[in-house]
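Novice: Predicted model and sequence follow; I will ask about them next.
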Amino acid sequence: MNREEYRREVDAVVFCPDFQARTMARLTALAQEKEQKTMKNRPLKTGLVAAVLAAALTVTAAAAVVMLRPQDVAQHAGNEALAAAFESNGAVTVNESKTVGDYDVTLMGLVSGEGLSRVEGLENGVPRDKTYAVLAYARTDGTAIEEDVPELTVSPLVEGYAPWQLNAWTLGGGTTTFAQDGTLYYLFECDNVEPFADHAVYLAVYPGTHTPPSAELFSFDEATGDITAKGESVLFSLPLDPAKADAQKVQDLVGGMFWAQPEASQDPEAGEPADGNVVFFTDPDAEDVEITADPAFSGNVLAERKQ
Amino acid sequence: MTQHELEQDLHRVVDTYSPMLLRAALTRAPSPADAEDVVQDVFLRLLTYHPRFRDGEHEKAWLLRATLNRASDLRRGRRDDVPLEEAAKAAAEAPDYGPLLSAVRSLPEAYSAVIHLYYYEGYSIKEIARLLALPVPTVGTRLARGRERLRNLLKEEEA
């Protein structure tokens, strides 16, 4: 391929000269809207703090730290539709805790469905059928988590499917995190996993920042489809309704993926024939980054760098 | 962060990354106008979701992957929803890209992204692996297979 010729052809494509100006205008308008919303929300925050303080004074010492509920977490992330969904009958409360490395991780609850994604309202947004899970991380040594994102990765895994092939990366995973009162709240989203409900569906939490599941972290029995966690990895079983299993949707999701187990150091695609019609899933929504969701936009929003 | 500081930062991001993101989106989006919509959506998501990046490379990688994914969503949405006649009309009205760019656009997405980043942006295989969060061998495989497919496509076109 001729690099220079390719560059010439790409450079010949004409984009709107005012693209950047238009984009800045939209961004500025959105930022102002957020700022106004934040101003309106301030009295509510004060109310929440008061409620937390009152609870801390009247209940046992063990309950002194009042955790947010999944709907509060969704609201904090600015997703009203999701907050409402977490308050609906369709939401599942789990509240199960496991220790992963230096963290106690609690899977608080989950909810699935369409119309819950914040980006659906955007221009050209397509409807998204998503599962959302809220997790809370606390340090096992009792010290508060301030802003840092723990070096843990969250991914759905499904019995019968190799973890390295069906996971957060292939199911459009994304995260929003924020710390409050020493606890880190983690809002995880991915394609709706309910169609897999006739299998055991897990939410895996394991060491590593944005690390795809590998044979070093999980065992996969190709004969039975069983998945087991290795080392510090843990699996939360998701209590899904088997009646929601949908083989057609599963087929749509997994498409032409192949299920050979890769060697640890091998290119996972090396087994694919060069002319194979393999469906490649792109990186999950590009949210394999630490995302804070402070609607107040306090602090250095875009330039904030974590070294 | 004050409103003014926020706007300055938004300016920096939009000015720095728009050209690269528009080009990347073009490898998947149906048209240049769609590529613009995709990139604008990505900037809006950046502001809405408030990501915190480790460094500039992390920021660039996030924006690039978000752009490629949004462009894929858009392409899939169009493919699924548009009636056949409209699709044919849209194809007829599509911009007349050069043969190389047309061939890259027709590649499977996994290949086109790697080919574009390597040949246009000049990134090394290792850099592309970091940007796309892929293992280095995978990028190498995609580059090799993408080239092979391109060769075949261009040969077919010549024939």
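Specialist: Nice, I can see it.
Novice: what's in contact with stretch A:19-38?
Specialist: A:16, A:295-297, B:3, B:6-7, B:10-11, B:14-15, B:18, B:22, B:36, B:39-40, B:43-44, B:47-48 (C-beta atoms under 8 Å, 6 or more residues apart in numbering or on different chains). (C-beta placed from N, C-alpha, C; glycine too.)
Novice: what about residue A:245, distance to residue A:201?
Specialist: Computed as C-beta to C-beta, to the nearest Å, the residue A:245 to residue A:201 distance reads 10 Å.
Novice: So for those two, which residue has more residues nearby?
Specialist: A side-by-side neighbour count of residue A:245 and residue A:201, using other C-beta atoms under 10 Å in any protein chain shown, places residue A:201 first with 23 against 16.
Novice: hmm, back to that, among the contacts of stretch A:19-38, name the ones in helices.
Specialist: Using DSSP state H, the members of the contacts of stretch A:19-38 that fall in helices are B:3, B:6-7, B:10-11, B:14-15, B:18, B:22, B:36, B:39-40, B:43-44, B:47-48.
Novice: before we move on, the earlier item: just the buried residues from the contacts of stretch A:19-38, in ChimeraX please.
Specialist: The following ChimeraX line selects those of the contacts of stretch A:19-38 that are buried, judged by 16 or more other C-beta atoms under 10 Å in any protein chain shown:
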select /A:295,296,297 /B:6,7,10,14,18,22,36,39,40,43,44,47,48
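Novice: tell me which element residue 34 falls in.
Specialist: As the question left the chain open, I've gone with chain A. Assigned by DSSP states H and E, residue A:34 belongs to helix A:19-58.
Novice: You answered for a different chain; I wanted chain B.
Specialist: When elements are assigned from DSSP H and E, residue B:34 belongs to helix B:32-49.
Novice: and that helix, what's its mean pLDDT?
Specialist: Per-region confidence: helix B:32-49 scores 89 on mean pLDDT.
Novice: which helices and strands does the helix or strand just after it pack with?
Specialist: Helices and strands here follow DSSP H and E; after helix B:32-49, the next one along the chain is helix B:56-81. When contacts are defined as 3 or more C-beta pairs under 8 Å, 6 or more residues apart in numbering or on different chains; DSSP states H and E, helix B:56-81 sits against helix B:3-26, helix B:32-49, helix B:84-93, helix B:109-119, helix B:125-132.
Novice: can we see that at 6 Å?
Specialist: Contacts of helix B:56-81 with other secondary structure elements, assessed using 3 or more C-beta pairs under 6 Å, 6 or more residues apart in numbering or on different chains; DSSP states H and E, are made with helix B:3-26, helix B:32-49.
Novice: any idea of the angle that helix forms with helix B:32-49?
Specialist: Going by axes from the mean of the first three to the mean of the last three C-alpha atoms, to 10 degrees, helix B:56-81 is angled at 120 degrees with respect to helix B:32-49.
Novice: Helix B:56-81 vs helix B:125-132, what angle?
Specialist: Here the directions of helix B:56-81 and helix B:125-132 differ by 70 degrees (the same axes, to 10 degrees).
Novice: domain parsing for the chain?
Specialist: In the absence of a named chain, this looks at chain A. A:21-66, A:67-296 (automatic domain parsing).
Novice: hmm, I had chain B in mind actually
Specialist: Taking automatic domain parsing as the domain assignment, the record places the domains of chain B at B:1-94, B:96-159.
Novice: what would those domains look like in a markdown table with distance to residue A:6?
Specialist: Conversion of these to a markdown table gives the following (distance: least, C-beta to C-beta, whole Å):
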| stretch | distance to residue A:6 |
| --- | --- |
| domain B:1-94 | 11 |
| domain B:96-159 | 5 |
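Novice: helices and strands of chain A: which one bottoms out on pLDDT?
Specialist: Here the helix or strand of chain A ranked lowest by mean pLDDT, DSSP states H and E is helix A:19-58, holding a mean of 64.
Novice: wait, I meant chain B
Specialist: Considering only helices and strands, the least confidently modelled element of chain B by mean pLDDT, DSSP H and E is helix B:84-93, at a mean of 63.
Novice: so what's the closest residue to residue B:26 other than its chain neighbours up against?
Specialist: Closest residue to residue B:26 apart from its sequence neighbours, by C-beta to C-beta, 6 or more residues apart in numbering or on different chains: residue B:35 at 4.6 Å. Taking C-beta atoms under 6 Å, 6 or more residues apart in numbering or on different chains as the definition of contact, the neighbours of residue B:35 are B:22, B:25, B:26, B:29.
Novice: circling back to that earlier point, filter the ones in helices among the contacts of stretch A:19-38 down to the ones near chain A?
Specialist: Contacts with chain A are made by B:6, B:7, B:10, B:14, B:18, B:22, B:36, B:40, B:43, B:47 out of the ones in helices among the contacts of stretch A:19-38, judged by C-beta under 6 Å from any C-beta of the partner chain.
Novice: Give me the buried positions along whichever strand or helix holds residue A:82.
Specialist: Assigned by DSSP H and E, residue A:82 belongs to helix A:80-87. Neighbour-count burial for helix A:80-87 flags A:82, A:83, A:85, A:86 (criterion: 16+ other C-beta under 10 Å).
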